[in-house]
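Engineer: fold the following for me, if possible:
(2 chains)
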Amino acid sequence: MWLLWAVVDVSGLSAADQAAVTRMARGDHDALAEVYDRHGRLVYSLALRILKDQSDAEDVVQEVFSQAWQQAARYQTGRGAVVAWLMNMARSRAIDRLRRRRTQPQSPLDQETAADVPDAAVPVDEQVAWAGRAAVIRGALEDLPLLQRMAIELAFYEGLTHVEIAERLEVPLGTVKTRIRQGLLKLRDRLAGAT
Amino acid sequence: MNETTHDAMRELTGLYALGALDAAERREFESHLMSCSACAAEVRALGGVAGALPYALPQVDPPPALRDRILGTAVSTRIRPEPRQSAELRQPVDRPAAFGAGWLAAAALLVVAVGLGAYAVSLRERLSGIEGRLAEALARLNQSEQQVAVAVRSVEAAEARLTLLTAPDLLQVNLAGQPPAPQARGRAFLSRARGLLFAANALPPLPAGRIYQLWYLTPAAPVSAGLLQPDAGGQVVAAFQPPANTVVPAGFAVSIEPDGGVPAPTGALYLAGMTMTQ
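Structural biologist: Numbers count the residues shown, from 1 in each chain, chains lettered A, B, ... in the order given. Presented below is the predicted three-dimensional model:
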């Protein structure tokens, strides 16, 4: 995912997160606690949403922060927001678990690691900004046509490919592509308008 | 990069941003991305949107014990600063044996909410299919009911005619064609208690604005019994209530009259017949 790292917008870096990760790289446990206290809830909520199982979600959160602890030295400030790095790890790991858990015959994709998503460029590290943004994102999602929203959520939270989404929603493949792109573009416009 | 490929690739930006392409598609798309700044910019924007999605989730506090576990693990793990190492911690997780009911409830709610969302879409589609079929079935039922009503009316009419034709006081009058329609024939069946039935055939087609009218011929003056509208073949069968207080008529006649009928005959006679005294 080098390319993605390269295209990620770095405008929203959180200076405090960056500093904490630098301290983590030097072995500062308080820095890990600081990052966990700031983002643990979001990472846990994401893992819980994907896995719908509390103990699995806890395992994922533990793996994510262990990985962050281990790889703090490799984390480079041009990569993107720390919170996006954490969420990306959480989503990949949670979806890997989800796929292992599924009893259906394995599709070629299932053998691989879940594809990373580009890291979020959203600068969120203050609770106030967060609450406002959460409301905006939630509102924008709720305003999407149901099938656009469903397709986006099936891809993001269930880790389904567009082929699987088309089967799940009983719509043609081309429709899934179009709906996901149109839905995300609409969300982008809404979020851009709100900032 | 030709335009067709570019357009096809551009359709994939959303799927790529959500990680919903399979491996081969993803490789192909990434190689396109290398050479296409427009798609790269869109992926960047949509990736930001995708990354923002978790903020909309209901935020759930992790159990406090998890924080202790994570920090405890970090304390016991030596950092290896070598930048290329990729080993990850995979220590057995020490889980509390029991969870608070609140957590279980929250997790259960999440499961239900998520399942309901997907289910709602498929339900909605099925529901609209069922509604369509229901409307169709109702329409057919309505049509059937109308047909039954028609059938009932025609049975009732047939029964009424049968009742009339078996009346003890039945009077039958044959009517013969008059000069304008020598081929025409008619028959009237009259029971003072059960009504009047009139049948005719070979009546000439009516000119526009005209109608046949059936008359009781009484000693005083002809009394209208009703209007007759023959079918295309010149046939007509019609039932009437006999006028109140009529005595046994001397006969029946059919004349052609202006549409709507008239109180007393004005037009040419087409059929006429006299009551036979028994």
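Engineer: any idea which helix or strand of the chain has the worst average confidence?
Structural biologist: Because you didn't say which chain, this covers chain A. When the helices and strands of chain A are compared on mean pLDDT, DSSP states H and E, helix A:2-7 comes out lowest with a mean of 30.
Engineer: my question was about chain B
Structural biologist: helix B:101-165 (a mean of 74).
Engineer: now for the nearest residue to B:R185 once chain neighbours are set aside: which residues touch it?
Structural biologist: Once flanking residues are discounted, B:R185 sits nearest to B:N201: 5.9 Å by Cβ to Cβ, 6 or more residues apart in numbering or on different chains. Heads up, the C-betas are built off the backbone N, CA and C, glycines and all. Counting by Cβ atoms under 8 Å, 6 or more residues apart in numbering or on different chains, B:N201 makes contact with B:184-186, B:233-236.
Engineer: repeat the analysis, applying 6 Å as the threshold.
Structural biologist: Residues near B:N201 by Cβ atoms under 6 Å, 6 or more residues apart in numbering or on different chains: B:185, B:234-235.
Engineer: which one of those residues is nearest to A:Q54?
Structural biologist: Ranked by distance to A:Q54 (Cβ to Cβ), the contacts of B:N201 are led by B:Q235 at 85.0 Å.
Engineer: measure the closest one to B:L269 for me?
Structural biologist: 19 Å (Cβ to Cβ, to the nearest Å).
Engineer: so these two - more neighbours on which side?
Structural biologist: For B:Q235 and B:L269, the more surrounded residue by other Cβ atoms under 10 Å in any protein chain shown is B:L269, and the numbers stand at 17 against 12.
Engineer: B:E131: how many residues sit nearby?
Structural biologist: Around B:E131 sit 10 other residues, with neighbours defined as other Cβ under 10 Å.
Engineer: please report how far the residue nearest to B:R185 lies from B:A268.
Structural biologist: On the measure of Cβ to Cβ, B:N201 and B:A268 end up 18 Å apart.
Engineer: before we move on, back to that, helices and strands around the next helix or strand after the least confident helix or strand of chain A, which ones?
Structural biologist: Going down the chain from helix A:2-7, the next helix or strand is helix A:15-25, by DSSP states H and E. With contacts taken as 3 or more Cβ pairs under 6 Å, 6 or more residues apart in numbering or on different chains; DSSP states H and E, helix A:15-25 sits against helix A:29-51.
Engineer: ok so B:A181 is a strand residue?
Structural biologist: No - B:A181 sits outside any strand when classified using DSSP: H, G, I helix; E, B strand; the rest coil, being coil.
Engineer: find the closest residue to chain A in chain B.
Structural biologist: Going by Cβ to the nearest Cβ, chain A is nearest to B:G51 of chain B, at 2.1 Å.
Engineer: secondary structure element for that residue?
Structural biologist: In the assignment (DSSP H and E), B:G51 maps to helix B:37-52.
Engineer: packing partners for that helix?
Structural biologist: The contact analysis (3+ Cβ pairs under 6 Å, 6+ apart) places helix B:37-52 against helix A:173-194, helix B:13-17.
Engineer: indicate which one of those is closest to A:Q71.
Structural biologist: Nearest to A:Q71, of these and by Cβ to Cβ, is helix B:13-17 at 23.6 Å.
Engineer: mind listing what's buried along the closest one?
Structural biologist: B:13-17 (16 or more other Cβ atoms under 10 Å in any protein chain shown).
Engineer: cool, stretch B:234-248 as well?
Structural biologist: By 16+ other Cβ under 10 Å, the buried positions in stretch B:234-248 come out as B:234, B:236, B:238-240, B:242.
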